[in-house]
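Enquirer: Just need the structure, nothing else, for what follows:
(one chain, ligands or ions: 1)
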Amino acid sequence: MKKDLISMDDLRLQEIRAYLELARRVEDTPLKERAALLPGSIMASMFFEPSTRTRLSFESAMYRLGGSVIGFAEKDATSVSKGESFTDTVHTVESYSDIMVIRHPGEGTARLAAQESFLPVINAGDGSNQHPTQTLLDLYTIEKDFGKIEDIKIAFAGDLKYSRTVHSLLRALMKFGMREFYLVAPEELSLPKYFKMGGEQDTFTFNESEHIEEVINQVDVLYVTRIQRERFPDIVEYEKVKGSYVLDAEMLEKAPANLRVLHPLPRVDEIAYDVDKTKHAGYFPQARNGVIMRQAILLKHLGVSL
Ligand code: CP
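Expert: Now for the predicted structure:
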């Protein structure tokens, strides 16, 4: 049976651990051996929304494994611009490839593609909903940095309302048994209530603040996100909150030595460039881990063991 990767909600803890274990094996396998793992396999890279890291790291991952890539990086370069439907596009591309990696601004589109297609579908980000491959590489990064994921204290800062990377990672960390989180956001961009209330959600503690300085000394990981202009239905609302927080090197001077600053990237102005030179900056190694984790994902979903 084909296996899709659509949402962290679909994965049990032991399945998440299996991705992490497989990524470790990928990283330990010499490049020459890896290049023999997926010869003849074709990945369709279908990006209806801009991307640098997710698209290029998936493509790099596929080439590293000896496979090939077809695809597009913007919908205007496809027949969608002539009126073709999303599902017709999916049914067409499934005849040309072995696995589909899809980014789309519409929430639920990856799930729709998975229901429609006989191929494995990987969600590379659907609107403000989920970004599971980013979450898996984030978990891999945290585990590499701290040797564990349980017991880590983490603060999420920035756009907690629309950020699919935050939503995905929060769900995953809850599966690891994490019960307390630190949240830093302007009120307009606070975490949606459905994360905090009702049923099991009532057992979590969310410490909310509007200032990064208030959490720096309390956490191991500061996970910063961009305020995403493209997600705001009204540009006036974006103008009200843009630039509302910036992390700089001076703010980190008294931070605990082991504090790691992560960011899914791209950044705009929320992390000053002087942070890059500090020992806390973990976001470029985090992006590098994307190629490793995405090799693991391609192997797993194409049914190749390592
Ligand atoms: N982190 C992430 O999804 O980056 P891109 O939008 O560049 O793919």
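Enquirer: what does the stretch 201-306 of the chain put close to the ligand?
Expert: For the stretch 201-306 of the chain, the residues in contact with the ligand (CB under 6 Å from any ligand atom) are Pro264, Leu265, Pro266. For the C-beta atoms, the positions are set from N, CA and C on the backbone; glycine is no exception.
Enquirer: From those residues, keep the buried residues only.
Expert: Neighbour-count burial (16 or more other CB atoms under 10 Å) applied to these gives Pro264, Leu265.
Enquirer: and the stretch 51-200 of the chain, which residues reach the ligand?
Expert: Residues of the stretch 51-200 of the chain lying near the ligand (CB under 6 Å from any ligand atom): Ser51, Thr52, Arg53, Thr54, Gly125, Gln134.
Enquirer: Touching, the first one and Gly125? I think so.
Expert: In this case it means Ser51. Yes. Assessed by CB atoms under 8 Å, Ser51 is found in contact with Gly125 at 7.4 Å.
Enquirer: who has more neighbours, the two?
Expert: Neighbours were counted for Ser51 and for Gly125 using other CB atoms under 10 Å; Gly125 has more, 27 against 18.
Enquirer: Would it be right to say that that one lies in a strand?
Expert: Yes. Gly125 forms part of a strand when assessed by DSSP: H, G, I helix; E, B strand; the rest coil.
Enquirer: which ones are touching it?
Expert: Gly125 sits next to Glu49, Ser51, Thr54, Arg103, His104, His131, Gln134, Arg164 when contact means CB atoms under 8 Å, 6 or more residues apart in numbering.
Enquirer: Tell me who's in contact with the residue in the stretch 201-306 of the chain positioned nearest to the ligand.
Expert: In the stretch 201-306 of the chain, no residue comes nearer to the ligand than Pro264, which is 3.7 Å away by CB to the nearest ligand atom. The contact partners of Pro264, by CB under 8 Å, 6+ apart, come to Arg53, His131, Gln134, Asp138, Thr165, Thr225, Tyr283, Gln286.
Enquirer: would you list every one of the strands in the stretch 201-306 of the chain?
Expert: Applying DSSP state E, counting those that start in this stretch to the stretch 201-306 of the chain gives strands spanning 205-209, 221-224, 260-262.
Enquirer: chain center to the last one: distance?
Expert: By that I understand strand 260-262. Computed by CA atoms, centre = their mean, to the nearest Å, the chain-centroid distance of strand 260-262 equals 15 Å.
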